[in-house]
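# Return atomic coordinates for the entry below.
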Amino acid sequence: MKRNKVEQVRTLLERNPRMKTADVMKAIGATKSYTYVLMSKARASYQKQYGESIEERMIRLRDMAKRRAIANPIANLPKGMTEAEAEEIVADVNQAITQHDSVNHPAHYTAGGIETIDFIEAKKLGYNLGNVVKYITRSGHKGNQLEDLRKAQWYLTREINTLK
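Here you go, the predicted structure:
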């Protein structure tokens, strides 16, 4: 029996929570907007089943693997993790330590699994509305939340005034 698209996307995201929309789109053969919907449903399904997001689980498992098994990834495996997964996580952690990318994929713009810029470009929002989305999506993830929301409000007011 063929699995449905949401299950396919969920499986892809469980294997690589940082998978880009374009890569998911290519893997399942769907349009960009439909892929966004599928990714959202897959994440919601995972959240409902496990009580945490895919990204949160991977962070938790990586932290456990890092604390317990950096020297020997096979020793003290976290519950439910295979040896191959532990070795992969250790490799990922080591790569992340040496190659944190705060320019191309900052964490405050990738929260929720969809990069803000991908959404802005897909919706063709333009400068002012793009900044509204940017500041709203990063509020609470970087710096002062109230300041980010005020910046979003400033850009929204500016866009409204251009339409008058």
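
# going forward, measure contacts between C-alpha atoms and count neighbours the same way
Noted.

# which SSE is Glu121 in?
If you go by DSSP states H and E, Glu121 is part of helix 116-123.

# Measure how far that helix is from the centre of its chain, please.
14 Å (Cα atoms, centre = their mean, to the nearest Å).

# And for stretch 129-140?
Taking the mean of its C-alpha atoms, stretch 129-140 sits 15 Å from the chain's own mean (Cα atoms, centre = their mean).

# I'd like to know the average pLDDT value across it.
When pLDDT is averaged over stretch 129-140, the result is 89.

# Return the helix or strand in the chain with minimum mean pLDDT.
helix 107-110 (a mean of 58; mean pLDDT, DSSP states H and E).

# what about Glu56, distance to Thr157?
35 Å (Cα to Cα, to the nearest Å).

# what about Gly140, how many neighbours?
15 (other Cα atoms under 10 Å).

# The one 3 residues further on too?
Burial of Gly143, expressed as a neighbour count using other Cα under 10 Å, amounts to 11.

# Same check on Gly29?
The number of residues near Gly29, taken as other Cα under 10 Å, comes to 12.

# likewise Tyr34?
Residues near Tyr34, counting by other Cα under 10 Å: 12.

# Extract the C-alpha set from the helix holding Glu121 and format it as PDB.
The C-alpha trace of helix 116-123 is given here as PDB (Å, rounded to 0.1, in the frame of the first residue of the first chain):
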ATOM      1  CA  THR A 116      11.300  33.000   6.400                       C
ATOM      2  CA  ILE A 117      12.800  34.100   3.200                       C
ATOM      3  CA  ASP A 118      11.400  31.100   1.300                       C
ATOM      4  CA  PHE A 119       7.900  32.000   2.500                       C
ATOM      5  CA  ILE A 120       8.400  35.700   1.600                       C
ATOM      6  CA  GLU A 121       9.600  34.900  -1.900                       C
ATOM      7  CA  ALA A 122       6.900  32.300  -2.500                       C
ATOM      8  CA  LYS A 123       4.200  34.800  -1.600                       C
END
